[in-house]
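>>> This is a predicted model, with the sequence first.
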Amino acid sequence: MNELDLSDNNLIAQLNQVTFSDLIDTCSIQADLNKLVLAQSRQQSQLELASYINVNCSYTELLTLFQTHDGSQYIANLKELYGSAFVRGNIIHTDLQRQLSIRQSTFRSILKTYQWIYMENYRYTTDGIIITINTINGDPTQMLNGITAAYIIKILPTEENLRRNLNFNIMFKGKVINGSRIDKKQLKLMANSLNNVPLAITNRQIIVQHKACLTKCSVNNNYCVSCIKPIFCYQLPYFKSRCGLCAYNICKSCSHPRTLYNKDKYETIIVCSRCLVRLKYCNYSNVDESTVTHRSIMLDDEGHDAGQSVYTYLIDHMEDNPCVKALVKKILKLGNEDSTSTREQIDTIDRNTLKEYLTSHPPLEDCNVSTASGLRSYPIGLPPTLRELDRMITPKPHNEEDRLNAVKKLNIANLIRNKELMQICEIVNAELQNLSTLIVMIINTQMCVVASNDPSFIQFYDKDESICQHMLMDGKPLLVTNPEADMKFYNFPSIRTLDIKFYFSVPVFSPDNYIIASFCTIDTSVKRITVSQYSMMRKLSELVAMIINDPNPVVLSQN
Ligand SMILES: [Zn+2]
Ligand SMILES: [Zn+2]
């Protein structure tokens with residue numbers, strides 16, 4: 001075997017030891033160069049290639065890139081790795097039990113396109129995974145036929161596991177036997193594609209973020225948020241020099257344009273140097289292709305009796321729990337706004353009206369959440385110095401002063417552990433079975449959990465650690481999945497210590513339409529919110545508003 005164009009003698013020696021005869025033989029290369037090395041040998045009609053790269057990321061990210069079973073993710077991966085050489089592809093068959101998958105992809109070579117059908121086999125080892133690729137032969141004039149290859153992914157030992165990221169060594173080994181010129185070209189393309197792995201991983205981390213809508217985010221910084229140099233308006237067209245993640249103005253040298261392949265189309269985004277660093281702080285180890293899409297409300301499963309569980313809960317507990325009975329009466333009042341029903345009629349409790357109110361739902365398109373569009377309407381608060389990149393700054397809604405005045409009118413001390421509010425949290429959890437449901441008042445610098453089905457949550461917290469504060473920004477329900485992978489939230493102590501993976505909140509309004517509280521539910525696993533659950537949270541949020549805004553609350557007896 002002859003190595004070509006390699007300057008690092010030590011590496012040549014080690015690559016020399018790589019045997020191609022058995023592709024799943026683990027590789028002995030440990031060189032700590034974070035760059036691609038190519039070794040090749042040419043024997044008659046045969047080509048053998050090896051390349052490797054070291055990357056720092058989570059195991060999930062690597063598996064999403066190399067071993068996805070999702071068709072559109074597979075296409076996105078090949079676009080990232082091979083660029084314009086890749087035309088299209090699909091997963092033909094996957095057998096998870098036997099750890100294999102048959103895939104088909106089409107590549108472009110000058111004027112012709114070539115199909116490639118191959119089988120991937122996955123073998124998990126104690127320190128990684130080995131993916132072998134074997135060509136399934138077809139028509140020799142249109143097909144890539146002679147390629148056999150393997151990716152050997154190994155976790156490298158590291159002194160510290162920085163934010164759950166690991167150092168990986170990815171080794172590519174491949175050979176072409178009796179193959180055509182096109183086969184050899186394809187093999188070189190594959191060996192070189194390892195170069196694109198770090199970029200592909202970063203691009204995916206950008207896709208996971210909630211990007212800024214630049215026309216809605218108003219910023220007026222006249223220094224670059226990345227390097228703190230002054231920015232002159234003639235330097236670049238205004239819209240081009242803004243970061244698509246934090247939304248601030250940036251200088252030319254701190255702006256990094258990225259082309260992402262997301263949801264079957266390309267999109268271009270400019271990211272500032274500062275955000276590129278912050279992206280690496282987040283934890284992506286729980287984000288796979290299925291969780292990224294859980295940002296909007298889902299339809300209920302067919303046959304699910306939507307809203308029935310809350311109704312049943314109320315009916316079952318009404319007779320022996322006066323607090324539930326009081327709530328039922330209030331719900332009937334909500335559902336019967338224009339009704340002239342007398343107090344006696346409400347006292348008899350019309351079960352049909354109650355059921356009708358609780359089981360009626362808006363159409364899916366009316367279930368608004370601020371995150372559904374994937375775009376955020378406010379800039380990410382930036383810490384004053386670059387040294388504090390890890391610190392979170394709470395954004396403030398435009399009407400914060402008036403909103404705080406509306407909150408000040410309420411007697412918060414009286415609302416803490418209010419029986420009815422506690423009962424409402426209990427009802428929500430009967431349906432959602434989450435870790436906890438909370439009613440949170442957002443006061444000047446603090447937020448106060450006034451009620452929860454888990455009383456240990458009832459206390460004051462720092463407002464800078466609150467996802468609820470972000471709900472105020474749009475005034476719409478907010479759905480957050482995997483906050484640990486979100487640049488805005490990853491560092492909140494509550495996210496880290498409680499391992500929160502799911503957050504959904506609905507605003508609670510004052511009579512003059514200010515948000516006085518957040519009615520939210522959290523969990524340690526990623527959940528979905530369906531139309532009926534969304535509708536239930538909205539209706540109960542009106543009930544919460546009715547109780548919080550009541551100037552003369554009826555104090556229930558302790559029994
Ligand atoms: Zn700059
Ligand atoms: Zn930025």
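Everything's here; your move. Ligands and ions are numbered 1, 2, ... in the order given.

>>> Tell me how far G303 lies from E365.
When CB to CB, to the nearest Å is the yardstick, G303 and E365 sit 22 Å from each other. The way it works is simple: take the backbone N, C-alpha and C, and place the C-beta from them, glycine included.

>>> do K211 as well
Relative to E365, and taking CB to CB, K211 is found at 22 Å.

>>> When those two are compared, which one has more neighbours?
The neighbour comparison of K211 against E365 (other CB atoms under 10 Å) goes to K211, with 19 against 7.

>>> what sits opposite M298 in the beta ladder?
T530 (DSSP bridges).

>>> OK, contacts around S109?
S109 makes contact with 85, 182, 185-186, according to CB atoms under 8 Å, 6 or more residues apart in numbering.

>>> ranges for the strands of the stretch 1-150 of the chain?
37-43, 46-57, 86-95, 100-109, 112-125, 128-135, 147-156 (DSSP state E, counting those that start in this stretch).

>>> Would you mind saying which of those lies nearest ligand 1?
Closest of the strands of the stretch 1-150 of the chain to ligand 1 is strand 46-57, at 24.4 Å (criterion: CB to the ion).

>>> quick one: strands adjacent to the closest one?
In the sheet, strand 46-57 lines up against strand 37-43 (antiparallel), strand 166-176 (antiparallel) (DSSP bridges).

>>> what sits against Y266?
Here Y266 is in contact with 259-260 (criterion: CB under 8 Å, 6+ apart).

>>> swap the cut-off to 10 Å and go again
79, 259-260 (CB atoms under 10 Å, 6 or more residues apart in numbering).

>>> Y124 too?
Residues in contact with Y124 (CB under 10 Å, 6+ apart) are 99, 130.

>>> Quickly list what it is bridged to.
Going by DSSP bridges, Y124 forms beta bridges with I129.

>>> Against D139, how distant is it?
34 Å.

>>> circling back: of the strands paired with strand 46-57, which shows the lowest average pLDDT?
Within these, confidence is poorest for strand 37-43, with a mean of 53 (mean pLDDT).

>>> shaky segments in the stretch 201-350 of the chain?
Within the stretch 201-350 of the chain, the segments meeting pLDDT under 70 span 232-240, 289-294, 306, 336-349.

>>> near ligand 2, which residues of it?
Within reach of ligand 2 by CB under 5 Å from the ion, the stretch 201-350 of the chain has these residues: 243, 245-246, 272, 275.

>>> Please repeat the previous calculation with a cut-off of 8 Å.
Contact residues, the stretch 201-350 of the chain versus ligand 2 (CB under 8 Å from the ion): 225-226, 243-248, 250, 271-276, 278.

>>> One more: the chain?
So the chain meets ligand 2 at 225-226, 243-248, 250, 271-276, 278, 380 (CB under 8 Å from the ion).

>>> Can you give me the domain boundaries for this protein?
Following automatic domain parsing, one gets these domains for the chain: 8-206, 208-281, 293-367+398-548.

>>> so which of those gets nearest S373?
domain 208-281 (7.8 Å; CB to CB).

>>> Output the set of residues of this structure in proximity to ligand 1.
224-229, 231, 250-255, 272-273.

>>> and those residues, which are buried?
With burial judged by 16 or more other CB atoms under 10 Å, the buried subset of the residues of the chain next to ligand 1 is 224-226, 231, 250-251, 254-255, 272-273.

>>> Turn the residues you listed into CSV, including secondary structure.
Output for these, formatted as CSV (DSSP: H, G, I helix; E, B strand; the rest coil):
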residue, secondary structure
C224, coil
V225, coil
S226, coil
I231, coil
I250, coil
C251, coil
C254, helix
S255, strand
C272, strand
S273, helix
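
>>> Could you tell me the single residue of the stretch 401-550 of the chain that sits nearest to ligand 1?
M487 (18.3 Å).

>>> For that residue, grab the count of nearby residues.
20.

>>> ok, now which ones touch it?
If you count contacts by CB under 10 Å, 6+ apart, M487 has them with 205-206, 208-210, 245-246, 275, 278-279, 281-282, 380, 392.

>>> Would you mind giving me the PyMOL syntax to select the buried ones in those residues?
Those of these that count as buried under 16+ other CB under 10 Å are selected in PyMOL with:
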select buried, resi 205+206+208+209+210+245+246+275+278+279+282+380+392
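
>>> which one among the contacts of M487 gets closest to K539?
Of all those, K539 sits closest to H210, with 27.0 Å by CB to CB.

>>> In the contacts of M487, find the pair that's most separated.
I206 and M392 (19.3 Å).

>>> And M546, which helix or strand is it part of?
Taking DSSP states H and E as the criterion, M546 maps to helix 531-548.

>>> Put the alpha carbons of that helix into CSV.
Extracted C-alpha coordinates of helix 531-548, given in CSV (Å, rounded to 0.1, in the frame of the first residue of the first chain):
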residue,chain,number,x,y,z
VAL,A,531,-56.2,20.4,20.7
SER,A,532,-58.3,19.2,23.6
GLN,A,533,-55.5,19.7,26.1
TYR,A,534,-54.8,23.1,24.7
SER,A,535,-58.5,24.0,24.9
MET,A,536,-58.7,22.7,28.5
MET,A,537,-55.7,24.8,29.6
ARG,A,538,-57.2,27.9,28.0
LYS,A,539,-60.6,27.3,29.7
LEU,A,540,-59.0,26.6,33.0
SER,A,541,-56.8,29.7,32.6
GLU,A,542,-60.0,31.8,32.4
LEU,A,543,-61.1,30.1,35.6
VAL,A,544,-57.7,31.0,37.2
ALA,A,545,-58.2,34.6,36.0
MET,A,546,-61.7,34.7,37.5
ILE,A,547,-60.3,33.6,40.9
ILE,A,548,-57.1,35.8,40.9
